[in-house]
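>>> My questions are about this predicted structure, shown below with the sequence.
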Amino acid sequence: MTKNYKILTSYIKDISSKITNTESYIYLKENIPKYSLGIDINSFPLKNNMAEVNIKLTFSNQNENIQQAIFEMTHATVVRVEESAVNKDELKKIFLSEVPTEMYPEIEEKFFGIVKLIGYPEIKLEKKINFKELFEKNQK
């Protein structure tokens, strides 16, 4: 299958880390398995068949009423889509499946690298994300 888009550039658009206090820092170190990674993807059209695909990662404890600590990063990828891929369904597939699949290893490395530098060297993601599978599941 031929790729009908080209990645022009990518960069960290926004990053934030919030650790409420020292107790929160220690709580997270002791309770990392309770934390999970959330992913949100959206895209914005640009001129000349280009689009910006934003992949936002949020690492937090969804079960807590009060967020003890939260890490977020939005990573932007600018792509140029070929004329042949301008129909809505093809664009959705490119923006929600193909670009995230191609970019995610780099994004994950940047995100967890930063979280490790903040003070959590033992953090890692146990399960890899299959964007193609998620996309297909959401199309049904």
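Okay, I see it.
>>> Need the residues that contact the longest helix seen in the chain.
Using DSSP state H to define each element, the chain has its longest helix at helix 99-118. By C-beta atoms under 8 Å, 6 or more residues apart in numbering, the residues outside helix 99-118 that reach it are 5, 7, 10, 12, 15, 17, 19, 39, 41, 53, 55, 57, 59, 71, 73, 75, 77, 79, 123-125, 129, 131-132. C-beta here means a position set from N, CA and C on the backbone, and glycine is covered the same way.
>>> list the buried ones in it?
The neighbour-count check on helix 99-118 (16 or more other C-beta atoms under 10 Å) flags 99-104, 107-108, 110-112, 115 as buried.
>>> Quick one: list the elements packing against whatever helix or strand comes next after that helix.
Per DSSP states H and E, the first helix or strand lying C-terminal to helix 99-118 is helix 131-138. For helix 131-138, the elements it packs on are helix 99-118, judged by 3 or more C-beta pairs under 8 Å, 6 or more residues apart in numbering; DSSP states H and E.
>>> What mean pLDDT does the helix it packs on get?
The average pLDDT within helix 99-118 is 92.
>>> starting at the chain centroid, how far to stretch 7-27?
Here stretch 7-27 is found 12 Å from its chain centre; the criterion is C-alpha atoms, centre = their mean, to the nearest Å.
>>> can you pull out the strands in this protein?
5-19, 36-45, 50-60, 69-81 (DSSP state E).
>>> Let me have these in CSV, extended by mean pLDDT, mean neighbour count and distance to G119.
Below are these laid out as CSV (pLDDT from 0 to 100; neighbours: other C-beta atoms under 10 Å; distance: least, C-beta to C-beta, whole Å):
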stretch, mean pLDDT, mean neighbour count, distance to G119
strand 5-19, 95, 14, 8
strand 36-45, 91, 13, 18
strand 50-60, 94, 19, 13
strand 69-81, 94, 20, 10
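>>> which one of the ones you listed lies closest to K93?
strand 5-19 (10.1 Å; C-beta to C-beta).
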